[in-house]
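A.B. asks: Sequence and computational prediction follow.
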Amino acid sequence: MYESPPPAIVRYWYPEIWDFVERIRYAYRLIPFEVTSWWRDEERNRLVGGNEYSQHLIATAIDAIPLSGYDQASLAWAFRQAGLIAVDSYQRHVHTQLYPAGFLRDWLGA
Ligand SMILES: [Zn+2]
């Protein structure tokens, strides 16, 4: 089961997370899915092999598996319809995020 972001993250990224969640809801109405990963702390992100600057760290990314009868390409389409970035080249899930790759690295000035 996925983890929700802790209050400190939600307070800091409130407008961004809210925008992201609204887009996720929009996509769900097009193609239904199950969320397998949302927010991750740094340790968990490392354990699952996530990118060092993954948007899972700030809760503006999720991994989702389409419900039975739908495929990954359709789910990726739904996320893109919602204005999100979507990557459907994983074995089971579609990764979607609010900002283009490199956002968090640039924001941190790394
Ligand atoms: Zn992901």
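C.D. replies: All right, it came through fine.
A.B. asks: count of neighbours near the residue in the chain that the ion sits nearest to?
C.D. replies: Nearest residue of the chain to the ion: His95, at 3.5 Å (CB to the ion). The way it works is simple: take the backbone N, C-alpha and C, and place the C-beta from them, glycine included. When counting by other CB atoms under 10 Å, one arrives at 22 neighbours for His95.
A.B. asks: Beta-bridge partners for it, please?
C.D. replies: Asp63, Val87 (DSSP bridges).
A.B. asks: shift numbering so it begins at 56
C.D. replies: Right, with 56 as the first residue, what we last looked at is His150.
A.B. asks: from what I can see Ser109 touches Asp96, true?
C.D. replies: No. With contact defined as CB atoms under 8 Å, Ser109 does not count as touching Asp96 (11.2 Å).
A.B. asks: So which residues of the chain form strands?
C.D. replies: 88-92, 116-121, 140-142, 149-152 (DSSP state E).
A.B. asks: Same list, those strands, but as TSV with mean pLDDT please.
C.D. replies: TSV is the format used below for the strands of the chain (pLDDT from 0 to 100):
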stretch	mean pLDDT
strand 88-92	97
strand 116-121	98
strand 140-142	97
strand 149-152	98
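A.B. asks: Ile64 is nearest to which of those strands?
C.D. replies: Among those, the nearest to Ile64 by CB to CB is strand 116-121 (12.5 Å).
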